[in-house]
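*Asks:* Need a 3D model of the sequence below.
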Amino acid sequence: MTSHLIHLNGSPASASTLAAVAFSGDAHFTAMQVRDTAVRGLDLHLDRLRRNSDTLFGLRFLDEKILGCLRTALTAFDGDSASMFCFITPSRAKTPLGIDVFVRMAGPASPPDGPLSLDVAGHERYLPDVKHAGEISLARFFARQAASLGFDDTAFEDRDGRLSEAATWNLAFWDGETVTWPNAEYLPGITMQVIRRQLRLLGVAQQIRSIRRADLSDRWSAVSMNSTTPGIPISRIGEVRLDQDDSFFGTLRRAYAAEEPVALV
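*Replies:* Numbers count the residues shown, from 1 in each chain. Model (predicted):
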């Protein structure tokens, strides 16, 4: 039974190959949940990989190169549902495209039970538009800090006091009428992008607005979202207690479900 695998450019990766890149941090990636061999927002994942390769390495590639690697890894994996991670690094072997494509497969992930309580810490992500490999230590650090203070995770605020994102999550807010996305620098998650475009199609009001802790009250609801979920309710941010509006959570789930999954194989 294959419950975990790593491929390099469409073939099983050797230990020596992985050792050369394991600690370099010179990589960007995207993370997706595969269900019944299909992925929501596949076009957005491919767009992220193209743009980030251009930003970090000045290199471009064809989508078919990436899709071929994803399909090969999923076919070799034991099961139709999985957590899939696609990492792009500069090529050590001087491949024609100048990049290496690592695909890591593991069992399907489930989000934590909510609602979540979030500590608040000052932080601004380096290259916020790029999902780069160096963020894992940051996420672990803030998760440990939050746990030591009795919180589930951490929300970030920038130098101007604006809430931006959580360590591994995007944030969305609700005032009873409009979905509000933070006006700040943050990593634009694929699930967030899927929900935004489906909310537009559903005719749900959205806005981008600066949100500070002082703006929050028990009249607001909030969620965190990432590749594992369209939204986990948040019970409090810092010391501010938030409303738990089921209509908000249901709207986000409905928007996510409206995105047609794209089959990989």
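
*Asks:* ok, which stretches of the stretch 51-200 of the chain are strands?
*Replies:* All strands of the stretch 51-200 of the chain, identified by DSSP state E, counting those that start in this stretch, fall at 82-90, 99-106, 116-122, 153-157, 163-166, 170-174, 179-182.

*Asks:* Next, format these as CSV and append mean neighbour count and mean pLDDT.
*Replies:* For the C-beta atoms, the positions are set from N, CA and C on the backbone; glycine is no exception. Formatted as CSV, the strands of the stretch 51-200 of the chain follow (neighbours: other C-beta atoms under 10 Å; pLDDT from 0 to 100):
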stretch, mean neighbour count, mean pLDDT
strand 82-90, 21, 95
strand 99-106, 20, 95
strand 116-122, 19, 95
strand 153-157, 24, 95
strand 163-166, 26, 96
strand 170-174, 24, 98
strand 179-182, 21, 98
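
*Asks:* which one of these lies closest to residue 5?
*Replies:* Closest approach to residue 5 among the strands of the stretch 51-200 of the chain (C-beta to C-beta): strand 99-106, 4.9 Å.

*Asks:* Partner strands of that closest one, with direction?
*Replies:* As defined by DSSP bridges, the strand partners of strand 99-106 come to strand 5-8 (antiparallel), strand 82-90 (antiparallel).

*Asks:* Is it possible to get a markdown table of those that adds distance to residue 142?
*Replies:* Output for those, formatted as a markdown table (distance: least, C-beta to C-beta, whole Å):
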| stretch | distance to residue 142 |
| --- | --- |
| strand 5-8 | 27 |
| strand 82-90 | 20 |
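
*Asks:* how about the ones you listed, which one is nearest residue 201?
*Replies:* strand 82-90 (26.0 Å).

*Asks:* Tell me how many other residues crowd residue 208.
*Replies:* 11 (other C-beta atoms under 10 Å).

*Asks:* Quick check: beta-bridge partners of it?
*Replies:* residue 181.
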